[in-house]
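Asks: The following comprises the amino acid sequence and a computationally predicted model.
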Amino acid sequence: MTDFLDIHTTDTADLRHIIDSAIEAKAARQGRPKAAPDADQPLKDHMVALIFEKPSTRTRVSFDVGVRQMGGQTMVLSGSDMQLGHGETIADTARVLSRYVDLIMIRTFEEATLLEMAEYATVPVINGLTNRTHPCQIMADVMTFEEHNGPIKGKKVVWSGDGNNVFASFAHAAKQFEFDLVFTGPEPLDPERSLDGLYTTVRDPDEAVQGADLVVTDTWVSMHDPQSARERRHNQLRGYQVNDALMARAKPDALFMHCLPAHRDDEATSSVMDGPHSVIFDEAENRLHAQKAIMRWCLGR
């Protein structure tokens, strides 16, 4: 039994195996109907619990479809269904769910919830997102980069915007996959101190993006942010918008990524999102393939 909790807590060789496995599995499905099952059925007769304290589109659909393609079944549970950590302790919930299902994916707020679930569950637990990290997304991003531009090792990746949970997983990946990560954003939105040493900071976005192989951004505001916070973040981040002028400073074959959902013409212009550098929809699709590879790895398949 193996948990997938974070990129920096997973062995580098295992991360590489997951990426390679995802690319191979995607290629094996080329030309097949989307609803068709995989040729192999590694999750046949398996039940997977998908827990969502935080709402989701891509995480929910990609995990659900992935489990079904691999022959398994899903049980989707919301925070309101479970009252996780309120009506019952997280530890007891983990023990009970482990008697019913073969694998647990949880998308939650506090990292402590994920860690307690993993500590007390007797089946593998996958981090679908916390306020601190989003490892499944970055596994899909590494896969997407390598599909288009070859090995990511030694490449220059520039993050423009807020040093949030997605950036944190990029920082962990920079060490594990050995690429250079640059953060450009306003000082009040710097990444957490625990990530020091995993990236460099360049405040001027024009300078930061010079010669980049990949430019990445994320939404400036969360659905949970109050209006006052939204206005403040827009004021702080306006100068870090990814637009055509900024992308022109990157390498000619540079890629642009955004994990979605996006607020078009805020963090990135539509001309970039729909332009020749953009791979945002390949990136979204690859959540499916990367997460299938993660699930197979967790179950030793």
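Replies: Arrived safely, thanks for sending. Quick caveat, the model's predicted, so the values are computed rather than measured.
Asks: CA only for contacts and neighbour counts going forward, please
Replies: Will do.
Asks: hmm, which helix or strand of the chain has the shakiest average pLDDT?
Replies: helix 79-82 (a mean of 80; mean pLDDT, DSSP states H and E).
Asks: what packs against the helix or strand following it?
Replies: As assigned by DSSP states H and E, the chain's next helix or strand after helix 79-82 is helix 90-100. Counting contacts by 3 or more Cα pairs under 8 Å, 6 or more residues apart in numbering; DSSP states H and E, helix 90-100 packs against helix 111-120.
Asks: quick one, the helix it packs on and helix 90-100 angle?
Replies: Following axes from the mean of the first three to the mean of the last three Cα atoms, to 10 degrees, one obtains 50 degrees for the angle between helix 111-120 and helix 90-100.
Asks: What helices and strands are in contact with helix 111-120?
Replies: Other helices and strands packing on helix 111-120, by 3+ Cα pairs under 8 Å, 6+ apart, are helix 90-100, strand 125-129.
Asks: so can I have JSON lines of those showing distance to K44, mean neighbour count and mean pLDDT?
Replies: Output for the helices and strands packed on helix 111-120, formatted as JSON lines (distance: least, Cα to Cα, whole Å; neighbours: other Cα atoms under 10 Å; pLDDT from 0 to 100):
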{"stretch": "helix 90-100", "distance to K44": "15", "mean neighbour count": "17", "mean pLDDT": "96"}
{"stretch": "strand 125-129", "distance to K44": "18", "mean neighbour count": "26", "mean pLDDT": "98"}
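Asks: can I get these in CSV with distance to F4?
Replies: Shown next, in CSV, are these (distance: least, Cα to Cα, whole Å):
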stretch, distance to F4
helix 90-100, 16
strand 125-129, 5
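Asks: out of those, nearest to A118?
Replies: strand 125-129 (5.6 Å; Cα to Cα).
Asks: what residue ranges in the stretch 101-250 of the chain are flagged as low confidence?
Replies: Residues of the stretch 101-250 of the chain meeting the criterion pLDDT under 70: 223-224.
Asks: residue ranges of the strands in it, please?
Replies: For the stretch 101-250 of the chain, the strands defined by DSSP state E, counting those that start in this stretch occupy 103-107, 125-129, 156-160, 180-184, 200-201, 214-217.
Asks: did I read that right, I51 in a strand?
Replies: Yes. Judged by DSSP: H, G, I helix; E, B strand; the rest coil, I51 forms part of a strand.
Asks: Include distance to D225 when you put the strands of the stretch 101-250 of the chain into JSON lines, please.
Replies: Shown next, in JSON lines, are the strands of the stretch 101-250 of the chain (distance: least, Cα to Cα, whole Å):
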{"stretch": "strand 103-107", "distance to D225": "18"}
{"stretch": "strand 125-129", "distance to D225": "17"}
{"stretch": "strand 156-160", "distance to D225": "20"}
{"stretch": "strand 180-184", "distance to D225": "22"}
{"stretch": "strand 200-201", "distance to D225": "26"}
{"stretch": "strand 214-217", "distance to D225": "18"}
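Asks: Of all those strands, which one is nearest H17?
Replies: Shortest distance between H17 and those, using Cα to Cα, is found for strand 125-129: 16.7 Å.
Asks: which helices and strands does that closest one pack with?
Replies: Looks like strand 125-129 contacts strand 103-107, helix 111-120, helix 135-149 (3+ Cα pairs under 8 Å, 6+ apart).
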